[in-house]
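> Predicted model, plus sequence, below.
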Amino acid sequence: MAEQTDRAVPAEIRTAQVRGPGSPATGAHDEPPSVPERPDAAVVRDALGVGIAVGLSGFAFGVTSAGAGLSVWQTCALSLLVFTGASQFALVGALAAGGNPFTAAAGAFFLGVRNAFYGLRLSAVLGYRGAVRPLAAHWIIDETAAVTLAQTGRRSARLGFTVTGLSLYVLWNLTTLGGALGARALGDTAAWGLDAAVPAVFVALLAPMLRSAVERCTAGLAVLLLLVTLPVLPAGVPVLLSALAAPAVLVVQGRWRRRPAPQERAGAYHDTVEEDRT
Amino acid sequence: MNVWIAIGVTAVGCYLVKFLGLSAPAGVLERPLVKRLAALLPVALLAALTAQQTFGDGGHLLLDARAAGVAAAVVALLLRAPFLLIVAAAVAVTAGVRALGG
């Protein structure tokens, strides 16, 4: 459930990446978008594959959250109500680091902003109206967007969205509960090395985003800003301040791009996708 | 109580951005600069969070077993291990280094 940003990556590539490189089912996405809708069984199979694989990682969240000192109820409330993995991990990490609730929530919120961009693209594809729309909104995350945008018609898009959303939501919440209860049974989670789970999750989420020099510069600058400000600013503030690396790099890149460029950079930026996880 | 406040604020905020995206008229968020910033913001946040969770200890920096664990996660990542295995590698190596007194 850990999520990636919306980058207008071709949806079929994204789905293949969610499944992992070399997965036998990825060939199903190689057709051009003009083909007729895929059979329901194929859509359901892909959706369940993503939903189950990613849903199981709720276990890592449950263990991490309980290890960070949240109660089982608080851990489950996060998975039920927030339901966007990177934000959940970020909030738990920030609270464990001693941040106040608002700076902790702000970091989690900014990580969740990309879901608005998924929603924007999905609204045209899904065409939900009325009471369904506020319900569907809760399931708009990286994985449902990837599966839905890989479909070729409204019917299969809705089917893919519903099956991915339902299987992922149910499993993510069950495994969260299991992880939280398991962590309590373990006792001192630091002795088991569980405090390293959060940065490992962030590394796994971050790596596929580092596609070009722009992303790498942003990540490097953000790390630098954090290491410099962490000892001098109140808990939680350094992370938010480090987010300024994003606009800073865009400003520098904007100046640099005013020189004549040999190719349309935005296109190259989107096409050099490597690998997406969870 | 503070934890519940943080959970509430995050839940409301994260839901509202999802709903806003689904309900906004097409074109509102389609400006290239807005999209590029939205794509780059998680990169900065995740990088900062990784550094904070690896080297942060309250208000100071600390190099301890977690760094070894995160290094193991990077190795697992480069070996294209699945998500849960990457996390498991970090946890196992951190626990191992601590057990050895690191």
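Happy to help now that I have it.
> Only C-alpha atoms from now on, for both contacts and neighbour counts.
Fine.
> Would stretch A:76-95 count as contacting chain B?
Yes. Counting by Cα under 8 Å from any Cα of the partner chain, chain B is contacted by stretch A:76-95 at A:77-78, A:81-82, A:84, A:90-91, A:93, A:95.
> got any ranges where the stretch 1-150 of chain A has weak pLDDT?
Counting by pLDDT under 70, the stretch 1-150 of chain A has low-confidence residues at A:1-35.
> of all the residues of stretch A:76-95 next to chain B, which comes closest to residue B:38?
Nearest to residue B:38 among these is residue A:84, at 15.9 Å by Cα to Cα.
> The closest one and residue A:108: what is the separation?
9 Å (Cα to Cα, to the nearest Å).
> Between those two, point out the one with more neighbours.
More crowded of residue A:84 and residue A:108, by other Cα atoms under 10 Å in any protein chain shown: residue A:108, with 33 against 26.
> The more buried one is in what secondary structure piece?
Element membership of residue A:108, judged by DSSP states H and E, is helix A:101-112.
> And that helix, how far out from the chain middle?
Distance of helix A:101-112 from its chain centroid, counting by Cα atoms, centre = their mean, to the nearest Å, is 15 Å.
> Could you look up the next helix or strand downstream of it?
The helix or strand immediately downstream of helix A:101-112 is helix A:114-126, counting by DSSP H and E.
> how about the helix or strand just after that following helix, does it get close to chain B?
As assigned by DSSP H and E, the chain's next helix or strand after helix A:114-126 is helix A:132-137. Yes. Using Cα under 8 Å from any Cα, we find that helix A:132-137 touches chain B at A:133-134, A:137.
> what comes up buried for helix A:132-137?
Neighbour-count burial for helix A:132-137 flags A:133-134, A:136-137 (criterion: 16 or more other Cα atoms under 10 Å in any protein chain shown).
> now, which of these sits nearest chain B?
residue A:137 (5.0 Å; Cα to the nearest Cα).
> Hmm, residue B:18 and the closest one touching each other?
Yes. Counting by Cα atoms under 8 Å, residue B:18 is a contact partner of residue A:137 at 5.5 Å.
> Determine the residues that are contacts of both of those two.
Applying Cα atoms under 8 Å, 6 or more residues apart in numbering or on different chains, one finds that residue A:137 and residue B:18 are jointly contacted by residue A:119.
> what does stretch A:246-263 contact?
A:214, A:217-218, B:37, B:40-41, B:43-44.
> Any residue of the lengthiest helix in chain B touching chain A?
What stands out as the longest helix in chain B, according to DSSP state H, is helix B:32-55. Yes. Helix B:32-55 comes into contact with chain A (Cα under 8 Å from any Cα), by way of B:35-54.
> and the residues you listed, which are buried?
B:35-36, B:38-54.
> in the stretch 151-278 of chain A, which ranges drop under the pLDDT threshold?
For the stretch 151-278 of chain A (pLDDT under 70), the answer is A:259-278.
> how about the helices of it, start to end?
Assigned by DSSP state H, counting those that start in this stretch, the helices in the stretch 151-278 of chain A fall at A:154-186, A:197-206, A:213-229, A:237-242, A:245-257, A:265-271.
> Buried deepest among those, which one?
Greatest average neighbour count among the helices of the stretch 151-278 of chain A goes to helix A:197-206 (a mean of 27), per mean count of other Cα atoms under 10 Å in any protein chain shown.
> which other helices and strands contact that one?
helix A:58-67, helix A:85-96, helix B:32-55, helix B:65-78, helix B:83-99 (3 or more Cα pairs under 8 Å, 6 or more residues apart in numbering or on different chains; DSSP states H and E).
> neighbouring contacts of the next helix or strand after the third one?
Spelled out, that is helix B:32-55. Next along the chain after helix B:32-55, taking DSSP H and E as the criterion, comes strand B:56-57. Outside of strand B:56-57, the residues within contact range by Cα under 8 Å, 6+ apart are A:97, A:230, B:62.
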